[in-house]
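Novice: Sequence plus the predicted model coming up.
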Amino acid sequence: MMTINVGVVLAIIVVLRLRRRTQARSRAEERNTALFILALGIVIAPTPLGQGIFGMIKQLVSGVSQVGI
């Protein structure tokens, strides 16, 4: 039996969509790409990878906010 990881499929779709030229995109295509990226974020968020990415972004934001003080 073969299983398909939804996160991997969404990541492939996002990469393929983002490789296209920006000028050739319609508003509907841009909206769909944004929805795919949102869905990918929702799928990845509860995983250890998603938590690691969240931790890195949190450290980055706290570092930037301390520099501004």
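Specialist: Arrived safely, thanks for sending. Because the structure is predicted, anything quoted here is derived from the model rather than measured.
Novice: Would you mind measuring from residue 63 to residue 50?
Specialist: Residue 63 sits 20 Å away from residue 50, taking Cβ to Cβ, to the nearest Å as the criterion. The C-beta positions use only the backbone N, C-alpha and C, and glycine is treated the same way.
Novice: ugh, wrong one, residue 19
Specialist: Taking Cβ to Cβ as the measure, residue 19 and residue 50 are separated by 23 Å.
Novice: quick one: which of the two has more around it?
Specialist: residue 50 (16 against 7; other Cβ atoms under 10 Å).
Novice: which residues touch the more buried one?
Specialist: Taking Cβ atoms under 8 Å, 6 or more residues apart in numbering as the criterion, residue 50 is in contact with 41, 44.
Novice: element containing it?
Specialist: Secondary structure assignment for residue 50, by DSSP states H and E: helix 48-67.
Novice: and that helix, average pLDDT?
Specialist: The average pLDDT for helix 48-67 rounds to 82.
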